[in-house]
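1. need a structure here:
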Amino acid sequence: MADYTLVRYTHESTRFEILVKPDPALEYRTGKKVQVSTVLVSEEVYTDSGRGTRASEESLVKAFGTADPASAAAIILEKGVLNLTTEQRRRMTEAKRLQIVERISKTYVDPRTHLPHPPLRIQQAIRDARVSIDPQKPADEQVAGVVDRIRSIIPLRTESVALDVTVPAQFSSHSYSVLKSMGKVTSSDWRPDGSLKAILEISAAGRQAVIDRLNQITRGTASVEVSK
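-> Below you'll find the model as predicted:
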């Protein structure tokens with residue numbers, strides 16, 4: 001792992017750079033509670049760190065409203081672009097790829113079987129299509145583009161399905177909360193004996209997840225069928 005990396009920030013065509021410790025900087029940028037002082041290699045602000053050219057007080061005031069390099073560095077760390085190390089980029093890209101695969105698996109189905117593709121098949125399609133994953137862009141913003149690229153390799157379609165769900169009384173309250181978290185409950189009928197009969201609308205790819213979750217809660221006593 002490199003001893004340091006850069007965070008760059010541009011204000012009105014003037015570029016500023018600070019030196020930071022790679023992993024603490026990444027932790028800070030992903031929302032972990034990390035003290036700024038433990039992230040910075042130094043409190044110096046540069047316009048060209050490679051040449052050791054420090055930013056003038058005038059440029060700092062113009063860009064950040066302060067001549068204090070430490071205060072300016074904190075702003076750059078917060079708003080600037082973190083230059084990832086090769087290892088960080090590899091780790092983040094792989095993690096983001098898995099997030100995208102999970103979202104595709106939960107949202108899209110094979111139109112021939114009406115079942116989701118296995119995650120490994122989706123991963124292979126992403127590799128075969130040579131899809132580039134952006135490690136710093138949210139997974140949800142990349143899913144549509146990835147799906148467009150891999151549709152020529154594996155068929156994908158979004159489908160919704162309505163499930164008729166019946167849950168015994170002793171598990172009905174807990175199960176109802178879970179159903180609401182997994183899809184849209186379009187109908188709920190609380191029977192006199194305390195049991196629940198509901199209709200749940202979800203993505204077709206999520207059907208097995210609902211079945212598995214209810215079986216776990218009800219010890220296999222729930223009934224889940226596709227609504228006719």
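
2. switch to C-alpha atoms for all contacts and neighbour counts from now on
-> Fine.

3. Give the residue farthest from the middle of the protein.
-> Within the chain, P192 marks the point farthest from the mean C-alpha position, 42.6 Å out by C-alpha atoms, centre = their mean.

4. That one should be in a helix, yeah?
-> No - applying DSSP: H, G, I helix; E, B strand; the rest coil, one finds P192 to be coil, outside a helix.

5. which phi and psi does it have?
-> phi -60, psi -30 (degrees, to the nearest 10).

6. Could you pull up the contacting residues of it?
-> Residues near P192 by C-alpha atoms under 8 Å, 6 or more residues apart in numbering: none.

7. Give me the average confidence score over the longest helix belonging to the chain.
-> Scanning the chain for the helix with the most residues, using DSSP state H, yields helix 86-107. Average pLDDT, helix 86-107: 93.

8. That one: what's the following helix or strand?
-> Note on helix 86-107: by DSSP states H and E, the next helix or strand toward the C-terminus is strand 108-109.

9. Partner strands of that following strand and their direction?
-> In the sheet, strand 108-109 lines up against strand 157-158 (antiparallel) (DSSP bridges).

10. what's next to the partner strand, contact-wise?
-> In contact with strand 157-158 (C-alpha under 8 Å, 6+ apart) are residues T107, Y108, V109, D110, P111, S203, A204.

11. and whichever strand or helix holds A72, C-alpha only, in PDB?
-> Using DSSP H and E, A72 sits within helix 69-79. C-alpha atoms of helix 69-79 as PDB (Å, rounded to 0.1, in the frame of the first residue of the first chain):
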ATOM      1  CA  PRO A  69      -3.900  25.700   5.300                       C
ATOM      2  CA  ALA A  70      -5.300  23.200   7.900                       C
ATOM      3  CA  SER A  71      -8.800  24.600   7.500                       C
ATOM      4  CA  ALA A  72      -8.500  24.600   3.700                       C
ATOM      5  CA  ALA A  73      -7.200  21.100   3.800                       C
ATOM      6  CA  ALA A  74     -10.200  19.900   5.800                       C
ATOM      7  CA  ILE A  75     -12.500  21.400   3.100                       C
ATOM      8  CA  ILE A  76     -10.600  19.800   0.300                       C
ATOM      9  CA  LEU A  77     -10.800  16.400   2.100                       C
ATOM     10  CA  GLU A  78     -14.500  16.800   2.400                       C
ATOM     11  CA  LYS A  79     -15.300  18.100  -1.200                       C
END
